[in-house]
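Chemist: sequence first, predicted coordinates after that:
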Amino acid sequence: MPCRRRFGLTPRPRTAPATRAFSYALKLGLGLGILALIAYFVDLGATFRALQSAHPGWLLLSLACYISTRILMGIKWWVLLGGRGDTVSYATVQRALLLSDYHGLLFPNTLAIDAFRAVLLRHHPRGWTHTAASIVADRVINIAVAAVVALLALAITSLVVTTPFSPSISLAVLAVSGSVVVAALAVVSQRLFDLAIAVLRAIAARGALEALVGKLLHKLRELHGAMRTMLTDRQVVVQAVLLAFLLVLMRCLSAYFAFWAIGTAVGLGWTLALIPVITTLALLPLTLFGLGLKDGAFVFFFTGIGIAASSALAVSFVTYALIIVSSVVLGLLASVIGPPLPVAAKGEG
């Protein structure tokens, strides 16, 4: 309750649990519906045979690449928080990230996991706003860099390889990645943010929610200001962007090795063009954990370059296993090993 009062929030109404349960059920139903549609068109027998015959060595390489993304994420978050000049150590930040991955298995989407990251470091000496802003900046850089990698890979592959993509795949990559770049620029734009705040304030200028909305908008201004401060620090941005490029590369290599594990050869350039787009689509909070949405994206994009639908679906399933295994193992280690997380200062509510 004290934290809610501090941030200008009121207790959730008693109907909130039922509303959330309905939302989760709706997202789960949508995800299962998409999976059922995929199963109608894909040879599931071939998919499971591919999984059963997967080569352990390639799978370990894929797992190692995915684990490296968690380390890179931790370093990047630490850099955005202040790096060597921060009062919280890298080990503490990394532990918070691994714990959020672990407990995030119970959450419906990435937004909830990010919220848990903010909760774990809510007592950061620079304040909750600084922590939340670092997480927002982290996501903006991630999706923007992923989109740029996809566009570059699409351009280079199109120049080097004769008709590597069907027109529909090329247009989809361009549409998703281009939209992400535009959205990322819009998020950091002060003018567009001020315009959005003005519109929200005009909508809630009257009525019972006026005071609450006013407080929320004030917090949003603080959050956006802190994020822009991070993203206007050239040294911080350069380090974060380079780490994001490495992160995207390792994520793509993880999928690349997963394809090789099931005996399907796929070009690295194709993987660099498609995996960032698939990952971005999976972040949409339409289904639980991207269930169905990510699988459909794998099938749609990789069949567009000649990969069997059963193989694409098999690799999508492998990615779920990688996330679960790494999150559980690293999360359990982080639960018992590592420095303590920041605690509230004396007199802090």
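Modeler: Structure received. Fair warning: this is a prediction, and the values are worked out from it, not measured in the lab.
Chemist: contacts, neighbours, all on C-alpha from now
Modeler: Will do.
Chemist: which parts of stretch 49-64 are buried?
Modeler: Across stretch 49-64, burial judged by 16 or more other Cα atoms under 10 Å covers 50-51, 54-55, 58-64.
Chemist: what's the answer for stretch 83-90, then?
Modeler: Under 16+ other Cα under 10 Å, the buried positions of stretch 83-90 are 83, 88-90.
Chemist: and for stretch 157-175?
Modeler: 157-158, 164-165, 169-170, 173-174.
Chemist: min pLDDT across those residues, which one?
Modeler: Scanning the buried residues of stretch 157-175 for pLDDT, the smallest score is found at residue 164, 64.
Chemist: just give me the closest of the buried residues of stretch 49-64 to residue 179.
Modeler: Residue 179 lies nearest to residue 62 out of the buried residues of stretch 49-64, by Cα to Cα, at 29.0 Å.
Chemist: quick one, what contacts the closest residue in space to that closest one that isn't next to it in sequence?
Modeler: Once flanking residues are discounted, residue 62 sits nearest to residue 254: 4.1 Å by Cα to Cα, 6 or more residues apart in numbering. Taking Cα atoms under 8 Å, 6 or more residues apart in numbering, we find residue 254 in contact with 61-66.
Chemist: look at residue 254 and report its pLDDT.
Modeler: 96.
Chemist: what's the helix or strand for residue 168?
Modeler: Assigned by DSSP states H and E, residue 168 belongs to helix 167-188.
Chemist: for that helix, packing partners?
Modeler: helix 128-160, helix 190-203, helix 210-231, helix 268-282 (3 or more Cα pairs under 8 Å, 6 or more residues apart in numbering; DSSP states H and E).
Chemist: now residue 30: how far from residue 142?
Modeler: 27 Å (Cα to Cα, to the nearest Å).
Chemist: what about these two, which has more around it?
Modeler: More neighbours surround residue 142 than the other of residue 30 and residue 142, with 23 against 18 (other Cα atoms under 10 Å).
Chemist: test my guess that that one contacts residue 244.
Modeler: Yes. Contact criterion Cα atoms under 8 Å: residue 142 and residue 244 qualify, at 5.8 Å.
Chemist: circling back: I'd like to know which of the buried residues of stretch 83-90 is nearest to residue 211.
Modeler: Closest approach to residue 211 among the buried residues of stretch 83-90 (Cα to Cα): residue 88, at 34.7 Å.
Chemist: secondary structure class of the closest one, three-state.
Modeler: Using DSSP: H, G, I helix; E, B strand; the rest coil, the structure places residue 88 in coil.
Chemist: might one say that it is in contact with residue 124?
Modeler: Yes. In this structure, residue 88 is within contact of residue 124 by Cα under 8 Å, at 7.4 Å.
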